[in-house]
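Q: build me a structure from this.
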Amino acid sequence: MPVFVFLFIVMPIAEMAVLIQVGTMIGVLPTIGLVLLTAVIGAALLKQQGLATLTRANQRLNSGELPAQEVAEGLVLAVGGALLLTPGFITDTFGFLCLIPGTRHWFVHQAMKRMVVRGQGSSFFFSSGGFTSGGGDPFGGQGPFGRRPDGEDPIEGEYRDETERDHDRIEKK
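A: Below is the predicted model of the structure:
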């Protein structure tokens, strides 16, 4: 609840106060121009950083590794892009922090401390205590997509051994 109060009440009021202060100092049109300029620069930076992250993720996948770092970076990039599209200087500041590689790596490192990633199933779960992949399985004994926790896919069916029938047919000829 406090997060929502901050996001939907405190942040917009703070953003309006900063926009009003900047607008009185430099004027309305330059303030609007600055907001639009940060959005354009942010979009270009988001495209560049997003493509670099996607390339690294593909390289890790091709080498058989789990691209957990790149997935987390992609999430931080998406948040940063959304913040840059939101008009205002405070959100732009946080958006640019998400796009700058050094601070983005720091954000991801902080998030990865709370996360446990499972390799074979290539999935992770979020529980009230953070990300987890064991113990409190939210799928009730089955992993995601109906897989069992040991990674085996249950297959049901019937079969008939026809090797003896084929063997008998060959001997009769």
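
Q: what is the burial count for L61?
A: Counted with other Cβ atoms under 10 Å, the burial measure for L61 works out to 13 neighbours. For every residue, glycine as well, the C-beta is placed using N, CA and C.

Q: tell me the buried residues in the longest helix seen in the chain?
A: Among the segments of the chain that qualify as a helix by DSSP state H, the longest is helix 28-62. Within helix 28-62, the residues that qualify as buried are 31, 34-35, 38-39, 42, 45-46, 49-50, 53, 57, 60, counting by 16 or more other Cβ atoms under 10 Å.

Q: likewise stretch 72-88?
A: When burial is assessed from 16+ other Cβ under 10 Å, stretch 72-88 yields the following buried residues: 72-74, 76-77, 79-81, 83-84, 86, 88.

Q: tell me which helix or strand L66 sits in.
A: Following DSSP states H and E, one finds L66 outside all helices and strands.

Q: quick one: pLDDT of it?
A: According to the per-residue confidence, L66 scores 86 in pLDDT.

Q: what residues does stretch 75-91 touch?
A: The contact list for stretch 75-91 (Cβ atoms under 8 Å, 6 or more residues apart in numbering) reads 11, 14-15, 18-19, 22, 34-35, 38-39, 42-43, 46, 49-50, 53, 92, 94-99, 104, 107-108, 111.

Q: repeat that for stretch 52-60.
A: Applying Cβ under 8 Å, 6+ apart, the contact partners of stretch 52-60 are 66-67, 70-71, 73-74, 77.

Q: could I get it in PDB with only the CA atoms?
A: C-alpha atoms of stretch 52-60 as PDB (Å, rounded to 0.1, in the frame of the first residue of the first chain):
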ATOM      1  CA  ALA A  52      23.100  -4.800 -26.900                       C
ATOM      2  CA  THR A  53      21.300  -6.700 -24.100                       C
ATOM      3  CA  LEU A  54      19.400  -8.800 -26.600                       C
ATOM      4  CA  THR A  55      22.600  -9.700 -28.400                       C
ATOM      5  CA  ARG A  56      24.300 -10.700 -25.200                       C
ATOM      6  CA  ALA A  57      21.200 -12.800 -24.200                       C
ATOM      7  CA  ASN A  58      21.400 -14.600 -27.600                       C
ATOM      8  CA  GLN A  59      25.100 -15.300 -27.200                       C
ATOM      9  CA  ARG A  60      24.500 -16.800 -23.800                       C
END
